[in-house]
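1. here are the coordinates; sequence isn't available:
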């Protein structure tokens, strides 16, 4: 029986509970499976409701009310000189005794940019799958839901991989984005290469340069990259786009671990952590929760809508409500 080492685990460095070899195949557990991401198309959510579209946070957003003929009826208002007589709301006029004009909505193509955290800390998981795989599945559900609504989808990786896929419409756009997500996950990694880290604030600045005003952005991250400037960067980006955040977390980052000894592996070494004592378990939970708490606090400070995505969660169940929620900047 080996002797347990003192508790000194730092999740930012020793991130993986299991590490597949570089030659291992995508299994949907430790490595992203592109076939699984494509299959999630069948579970795409409903497009945004009219109300959510009307309340897009910036001018030039997804849907705007136009005075004249359009696609869908939005509302009626009192007639103003210059209004098209063909749009008179006769029923409202008869009821109120005042002339009213119908206003219509015209949909405008909008872009979604998926911001994918590729730091080493994402390659960790004790329940069902790695956080990196959970994030990829969430990205797939969001991409297909976006495409179902007639919008464009793109993706940007930050952290160990720094790359971007321009937004495109339709199936082509979703496949391009998800193919990139799978490639980024499959890139060769050295588990303790901290030099490849990228502060969240820097990544968000890069994202803002890629996005047109009024776009939609979803950040998928475990929060370990959140720096002191993250809240400011999130707030700045939210003035440019509609930003939502899914904080990806493993159960071990939320719950008190059962008593016992745990073996953590990285690409270069193993570490045994003794959590037999209650004090050690409490200290471990506090340390492990620093990532997601840091990102959650940054979202709250910036007024950004966010939700938790556990590694065992179904992305449709976890994200649908936040997807449909109106922006706080309405």
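-> Cool, got the structure. Keep in mind it's a predicted model, so treat the numbers as computed, not measured.
2. drop to CA atoms for contacts and neighbour counts, all remaining ones
-> OK.
3. Other residues contacting whichever strand or helix holds residue 296?
-> Here residue 296, judged by DSSP states H and E, is contained in helix 290-302. With contact meaning CA atoms under 8 Å, 6 or more residues apart in numbering, helix 290-302 is reached by 222-226, 230-232, 234-235, 245, 247-249, 253, 305-306.
4. Now it: buried residues?
-> Within helix 290-302, the residues that count as buried by 16 or more other CA atoms under 10 Å are 290-299, 302.
5. any idea which helix or strand comes after that helix?
-> strand 305-310.
6. List the residue ranges of this protein that fall below the pLDDT cut-off.
-> For the chain, applying pLDDT under 70 flags the ranges 1-25, 46-74, 105-108, 188-196, 266-269, 326-330.
7. Could you pull out the helices in it for me?
-> For the chain, the helices defined by DSSP state H occupy 34-39, 50-54, 90-96, 131-148, 170-186, 200-210, 230-238, 278-288, 290-302, 315-324.
8. so of the ones you listed, which one's packed in deepest?
-> Highest mean neighbour count of the helices of the chain: helix 131-148, a mean of 28 (counted as mean count of other CA atoms under 10 Å).
9. And the residue of the chain positioned farthest from its centre, how close does it get to residue 202?
-> The C-alpha centroid of the chain is most remote from residue 97, which lies 49.4 Å away (CA atoms, centre = their mean). Look at residue 97 and residue 202: by CA to CA, to the nearest Å, they are 58 Å apart.
10. ditto for residue 161
-> Counting by CA to CA - residue 161 and residue 202 are separated by 14 Å.
11. And for stretch 146-159, what's in contact with it?
-> Against stretch 146-159 from outside (CA under 8 Å, 6+ apart): 44-48, 109-119, 143, 162-171, 173-174, 176-177, 180-181, 184, 196-199, 203, 207.
12. Out of these, which end up buried?
-> Buried subset of the contacts of stretch 146-159 (neighbour count, 16+ other CA under 10 Å): 44-45, 47-48, 110-119, 143, 162, 164-171, 173-174, 176-177, 180-181, 184, 196, 198-199, 203, 207.
13. and residue 252, what does it touch?
-> Residue 252 makes contact with 126, 285, 288, according to CA under 8 Å, 6+ apart.
14. My guess is the second one contacts residue 258. True?
-> Spelled out, that is residue 285. No. If you go by CA atoms under 8 Å, residue 285 and residue 258 don't touch, sitting 10.8 Å apart.
15. who touches stretch 129-142?
-> Outside stretch 129-142, the residues that touch it by CA under 8 Å, 6+ apart are 28-32, 36-38, 40-41, 43-45, 114, 116-118, 122-125, 174, 178, 181-182, 185, 220-222, 248-250, 309-313, 315-316, 319.
16. Now with 6 Å, please.
-> The contact list for stretch 129-142, computed with CA atoms under 6 Å, 6 or more residues apart in numbering, reads 29-30, 32, 37, 44, 122-125, 220, 311, 315.
17. How about stretch 308-316?
-> 128-129, 131, 134, 138, 246-250.
18. are any of those buried, and which?
-> Neighbour-count burial (16+ other CA under 10 Å) is assigned, among the contacts of stretch 308-316, to 128-129, 131, 134, 138, 246-250.
19. Show me how this protein divides into domains.
-> Domain assignment of the chain by automatic domain parsing yields the ranges 34-50+109-324, 63-107.
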